[in-house]
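1. Starting from these lines, generate the structure:
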Amino acid sequence: MDGEATGRTKCTLANWTGIAYKIPRIMLEQCKDRKNLKQSGVYFLFGDSEKEDKEKAVYVGQAIVRQTGEGLLNRISEHIGKEEEDYWNEAVAFTTSNDILGATEISYLEHRFCEPATKAKRYEVKNKDTPNIGNPTEEKENEMEEFIDYAKIVMGALGYKLFEPYDKQENEQEDPEPKPDEEPLLYLDRKITDVGSVHATGRQTNEGFIVYKGSHISLVNDGTVLESIKRRKEKVSLDENGNITEDQFSTSPSAAAMFVVGKNANGLTSWRNKDKVTLRDLEEKASEEATE
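-> Prediction:
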């Protein structure tokens, strides 16, 4: 719309009546001439999170056309000027080219967008409660699910991995044998003086490293541990046995190892597969096979 990657963007897809707008917060006023943004729809407010275990935050909202004729743009603008909502810097709004979204559709979409965003645990979801799904007919539900599928494609194209968990094999620990195209499970077992033993299970992803819930980590940290990791460990949730209750994402194997052992650690040699082969050796073998 503006000829700039950081400016406003309008997105459509073939065979889809949906329309998406990505709008920087400081450019809302420039969208007043957009008739589609006077319609009903759902919207997302993206920004930075203040939580140690999350880098980004999102709020999922809905807008119904009011008697004044105002819809999406007006509702988004109402989030400006509130100190507690100062975190967001960009909005993504979804509506349709034929203005068919009513109260039933909007409630369903808001619920179905908020739910997977919360489960993915990638963003801090600012919604205090999960929106009510309403009572749509089976036909309307199928129609909205198709809308959601297209909307997720657009959201990914805009650079927001809101609905994608860091680890897509959430049930892998119940079935530890990885599929051929998946990274193997890795383990870190170590005895630490004055602390005891740590036992952790994890896996590399294309974005970093996951330490799985159920891992037993050291809560003692020495001076080599990064401050960001220390703060995250202070807030980590543990069960009655001292095991973490949620998966923890790190940007690298070494950062993940540091999180587990509470001191500086080389992730390439600390993490090993079930046959005790180090991650370094696994990567070297994979590299050799790729060049053959």
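2. Please count neighbours and contacts with C-alpha atoms only from this point.
-> OK.
3. Quick check: which ranges of the chain have low pLDDT?
-> For the chain, applying pLDDT under 70 flags the ranges 2, 52-53, 168-182, 292.
4. can you list the domains in it?
-> As assigned by automatic domain parsing, the chain contains the domains 9-157, 172-291.
5. These: which one's closest to residue 164?
-> domain 9-157 (5.7 Å; C-alpha to C-alpha).
6. what sits against the residue nearest the centre of the chain?
-> Centroid-nearest residue in the chain, with C-alpha atoms, centre = their mean: residue 122, separated by 2.4 Å. Residue 122 sits next to 54, 56, 161-166 when contact means C-alpha atoms under 8 Å, 6 or more residues apart in numbering.
7. do residue 197 as well
-> Here residue 197 is in contact with 189-191, 218 (criterion: C-alpha under 8 Å, 6+ apart).
8. switch the cut-off to 10 Å
-> By C-alpha atoms under 10 Å, 6 or more residues apart in numbering, the contact set of residue 197 is 189-191, 216-218, 261.
9. For residue 286, see how far away residue 137 is.
-> Distance, residue 137 to residue 286, by C-alpha to C-alpha, to the nearest Å: 51 Å.
10. actually residue 221, not the one I typed
-> Taking C-alpha to C-alpha, one finds residue 221 at 33 Å from residue 286.
11. now do residue 131
-> 46 Å.
12. These two: which is more packed in?
-> Neighbour count, other C-alpha atoms under 10 Å: between residue 131 and residue 286, residue 131 has more, with 19 against 11.
13. Next, the contact list for the more buried one, please.
-> By C-alpha under 10 Å, 6+ apart, the contact set of residue 131 is 60-62, 107-115.
14. Equivalent analysis for residue 16, please.
-> 96-97, 146-147, 150-151.
15. Show me which of these is closest to residue 33.
-> Nearest to residue 33 among the contacts of residue 16, with distances taken as C-alpha to C-alpha, is residue 97, at 15.3 Å.
16. give me phi/psi at the residue lying closest to that closest one once chain neighbours are set aside?
-> In this structure, residue 97 finds its nearest non-sequential neighbour in residue 17, 5.5 Å apart by C-alpha to C-alpha, 6 or more residues apart in numbering. The phi/psi pair for residue 17 (degrees, to the nearest 10) reads phi -80, psi -10.
17. Make residue 1 into 35 and carry on from there
-> I'll keep to 35 as the first residue from here, and by that count the last item is residue 51.
18. coming back round to it: among the contacts of residue 50, list the two that are farthest apart in space.
-> 131 and 180 (15.4 Å).
19. These two: which is more packed in?
-> Legend: neighbour count by other C-alpha under 10 Å for residue 131 and residue 180, higher for residue 131 (14 against 11).
20. which ones are touching the more buried one?
-> By C-alpha under 10 Å, 6+ apart, the neighbours of residue 131 are 46, 50-54, 69-70, 73.
21. Kindly recompute the last result at 8 Å.
-> Neighbours of residue 131 in contact, by C-alpha under 8 Å, 6+ apart: 51-53, 70.
22. on that earlier part again, looking at the contacts of residue 156, which is nearest residue 266?
-> Out of the contacts of residue 156, the member with the shortest distance to residue 266 (by C-alpha to C-alpha) is residue 88, at 9.5 Å.
23. Helix or strand for that closest one, just tell me which one.
-> When elements are assigned from DSSP states H and E, residue 88 belongs to no helix and no strand.
24. which helices and strands sit right next to the strand or helix carrying residue 289?
-> Taking DSSP H and E as the criterion, residue 289 maps to helix 287-295. Judged by 3 or more C-alpha pairs under 8 Å, 6 or more residues apart in numbering; DSSP states H and E, the packing partners of helix 287-295 are strand 220-226, strand 230-238, strand 243-245, helix 261-269, helix 301-304.
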